[in-house]
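*Asks:* Okay, sequence plus prediction incoming.
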Amino acid sequence: MKITQRQFTEQLNGKAVSVHDLKQSNLTSSTENQLARADLNNDGFIQGEEEAKALFKQIDHYDRNGDANSISTNNENVLKAHQAVLGATKSVEAPRSNTARTGLQQLLADNPSLQTNQDLINLFMKRSGNNWNKAATAAKRHGVDINSLVGNREGRIQAGSADNTTVRPAEPVRHTASTGRIGNVAGMENTSPAFRQKVVEVADRLKMDPTHLMAVMSFETGETFSSSVKNRHTGATGLIQFMPKTARNLGTSTSALAQMSPERQLDYVEKYLEPYAGKMNSVEDAYMAVLWPAAVGDGPNRVLFKRGTRTYRQNSGLDINNNGHITAREAANKVRAKIR
């Protein structure tokens, strides 16, 4: 049986697919995670036409029949995924309001997890395939000038009146020590309770937010938190992608690190980060300790790479606003996006 994209989105009209319930189905964990990517705003539900289309695209990934506009339930993998989606689908009531809302106000109402300007940037970037120009266009449809957010990504979102909705920079949100718990970080389901507890303890000793440390490791390992994941080009290995020379300086080797459990390798993560204890007060600082240690503590606007240099060419994809300068904030953008 063939199901078109239109039929699929109509099936989900007025309903929501619970990501939690999806992950309780009998699918493989990789399939569950694949489908969960359709939760574009990370609110735990796949809801609305845009996310329904994204979910259809994820299911179509298993169809491989060359037709992006339909899926065939004759394919066993497609059938299982579709049945799991239906099993996780619930009816929902449309939000009621006696007052008109602007695009941004409605977006904030639909996505209560959005708190900072960076959250908005992450949302529009994710919806636009990490293309800045497309994200800017999508943001404009909601009355948001995404370029104005770049100067203060950690500022709180402020929506104006229904006639004049704007986003204004606010005082940055700072995290200067361990919170004693870890927030929701992409891939943390791939870690053990013992690992997460040890992350909190390590972060406490390093006087940093454990969520920031988890986000760095999530990014560096592609959300796997594998102690043996290896970059085939550089030989970098493990939770923070230890370079061979770095491993030797720590009294070990990348091959030895790869044989360790993630919990054991955290000892070397801590050992590496110890010189920056008390200085990693933001996501940028935490990531700079791994990417560009000289920039730790210099703030999010520190320029790391400039156009015309080899390092810029190697990292040009990080230049979000394409102004020829890559700042610590831009470099850490994908790390911050791991925090849901």
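*Replies:* On my side now, so go ahead.

*Asks:* After the helix or strand of the chain with the lowest mean pLDDT, which helix or strand is next? Please name it.
*Replies:* Here the helix or strand of the chain ranked lowest by mean pLDDT, DSSP states H and E is helix 103-110, holding a mean of 73. Going down the chain from helix 103-110, the next helix or strand is helix 117-127, by DSSP states H and E.

*Asks:* What helices and strands are in contact with that next one?
*Replies:* Using 3 or more C-beta pairs under 8 Å, 6 or more residues apart in numbering; DSSP states H and E, the elements in contact with helix 117-127 are helix 132-140, helix 333-336. The C-beta positions use only the backbone N, C-alpha and C, and glycine is treated the same way.

*Asks:* what's the last one in contact with?
*Replies:* The one in question is helix 333-336. 118, 121-122, 125, 153, 215-216, 218-219, 283, 286-287, 318, 320 (C-beta atoms under 8 Å, 6 or more residues apart in numbering).

*Asks:* what's the closest of those residues to Lys15?
*Replies:* Nearest to Lys15 out of those is Asn122 (C-beta to C-beta; 25.5 Å).

*Asks:* The closest one and Arg340 touch, don't they?
*Replies:* No. Contact criterion C-beta atoms under 8 Å: Asn122 and Arg340 do not qualify, at 9.2 Å.

*Asks:* which one of those two has more residues nearby?
*Replies:* Per other C-beta atoms under 10 Å, whichever of Asn122 and Arg340 has more neighbours is Asn122, with 24 against 17.

*Asks:* confidence score at the more buried one?
*Replies:* As predicted, Asn122 sits at a pLDDT of 74.

*Asks:* just the one 5 residues further on next, same as before
*Replies:* Per-residue confidence for Arg127 comes out at a pLDDT of 72.

*Asks:* how near is it to Leu257?
*Replies:* 37 Å (C-beta to C-beta, to the nearest Å).

*Asks:* on that earlier part again, the least confident helix or strand of the chain: which residues count as buried?
*Replies:* Residues Leu104, Gln105, Gln106, Leu107, Leu108 are the ones in helix 103-110 that count as buried (16 or more other C-beta atoms under 10 Å).

*Asks:* Okay then, goodbye and thanks.
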